[in-house]
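**Student:** Build me a model from this:
(one chain, ligands or ions: 1)
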Amino acid sequence: MTLALIGGTGLSRMPNLDVIESRTVKTRFGNPAAALLRGRLGNEDVLFLARHGNPHRLLPHEVPYRANIAALKQAGATAIVAVNAVGGISDAAAAGTIVLPDQIIDYTWGRDMTYFDKGHVPITHVDFSWPFDSALRRRLGEALEQVGAPWVDGGCYGATQGPRLETAAEIRRMAQDGCDIVGMTGMPEAVLARELEMPYAMLSLVVNPAAGKSEQEITMAEIEAVLHDGMEHVCAALAAFCGAAGA
Ligand code: HPA
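**Tutor:** Coordinates of the predicted model:
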């Protein structure tokens, strides 16, 4: 397996990745958000891509999702673990918790969300009943357990358009729909990985209670405070996933 990691908000670079090579890749869907890094994590050679660029400069709806996923495929990736920051909707998704979602609801619009458009033959509708790969999820769960990170097995990720945060009413509706967490980048990333037949799983770090779930306004300062410690857990878990001793 050649594992690719996609880092999101708070993870534009991975402190514990020993970078061997940085490569600019072009695809027929344009340029990915950043150079592809190849490096050593634990016992494995992995690829790393900063979803929003490095430094972080692309808003969720500006991310070149098709180029990002196509670049990873071209570079030989056979599985993807994506990291993202999310708001917590259900009680289990408290700030600082890492959720391993098992479902998605897509509320985004206007994004390039398929490789199979513009007259692609044959007409293709991929199965997406289970958007996340169960074997990757199981191994990620073991890694999270190994490093003692607070985590939750399963949950529904609601993907919103952003860049604004949601209204309290939108979050109430999402809760009724069955969403446990809310983020802005899970789609179309997950489905594009499916279209290119790469098993995909997500580590979603809860960085704030979603809109209307706490008395306070959601501030970037609050989010950044949780991001810092939370991403340390994420990086440790990814190293353990890759077989790092003592991780
Ligand atoms: N909503 C959407 N995306 C997010 C949030 C949120 O509350 N927090 C971090 N990413």
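**Student:** Strands of this protein, residue ranges please.
**Tutor:** Taking DSSP state E as the criterion, the chain contains strands spanning 3-7, 18-23, 36-41, 44-50, 79-88, 98-100, 103-106, 151-153, 156-159, 181-183, 200-209.
**Student:** what lines up beside the third one in the sheet?
**Tutor:** Think strand 36-41. strand 18-23 (antiparallel), strand 44-50 (antiparallel) (DSSP bridges).
**Student:** average pLDDT for the last one?
**Tutor:** Along strand 44-50, the predicted confidence averages to a pLDDT of 97.
**Student:** Mind listing what's buried along that strand?
**Tutor:** 44, 46-50 (16 or more other Cβ atoms under 10 Å). To be clear about C-beta, it is placed using only N, CA and C from the backbone, and glycine gets the same treatment.
**Student:** and that strand with strand 3-7, angle?
**Tutor:** In terms of direction (axes from the mean of the first three to the mean of the last three Cα atoms, to 10 degrees), strand 44-50 departs from strand 3-7 by 30 degrees.
**Student:** Equivalent analysis for the first one, please.
**Tutor:** Per the same axes, to 10 degrees, the angle that strand 18-23 makes with strand 3-7 is 80 degrees.
**Student:** what's near enough to touch the residue lying closest to Leu3 once chain neighbours are set aside?
**Tutor:** Leaving out its chain neighbours, the residue that sits closest to Leu3 by Cβ to Cβ, 6 or more residues apart in numbering is Val46, at 4.8 Å. Residues near Val46 by Cβ atoms under 8 Å, 6 or more residues apart in numbering: 2-5, 17, 38-40, 242.
**Student:** can you pick the most crowded of the residues you listed?
**Tutor:** Leu5 (28 neighbours; other Cβ atoms under 10 Å).
**Student:** Tell me the bridge partners for it.
**Tutor:** Under the criterion used (DSSP bridges), Leu5 bridges to Phe48, Val81.
**Student:** just to revisit the earlier point, TSV for the strands of the chain, including distance to the ligand?
**Tutor:** Converted to TSV, the strands of the chain look like this (distance: least, Cβ to the nearest ligand atom, whole Å):
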stretch	distance to the ligand
strand 3-7	14
strand 18-23	27
strand 36-41	24
strand 44-50	16
strand 79-88	2
strand 98-100	12
strand 103-106	13
strand 151-153	16
strand 156-159	8
strand 181-183	4
strand 200-209	5
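**Student:** got a markdown table for those, with distance to Arg137 too?
**Tutor:** Below are the strands of the chain laid out as a markdown table (distance: least, Cβ to Cβ, whole Å):
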| stretch | distance to Arg137 |
| --- | --- |
| strand 3-7 | 14 |
| strand 18-23 | 26 |
| strand 36-41 | 19 |
| strand 44-50 | 18 |
| strand 79-88 | 10 |
| strand 98-100 | 5 |
| strand 103-106 | 11 |
| strand 151-153 | 8 |
| strand 156-159 | 13 |
| strand 181-183 | 15 |
| strand 200-209 | 5 |
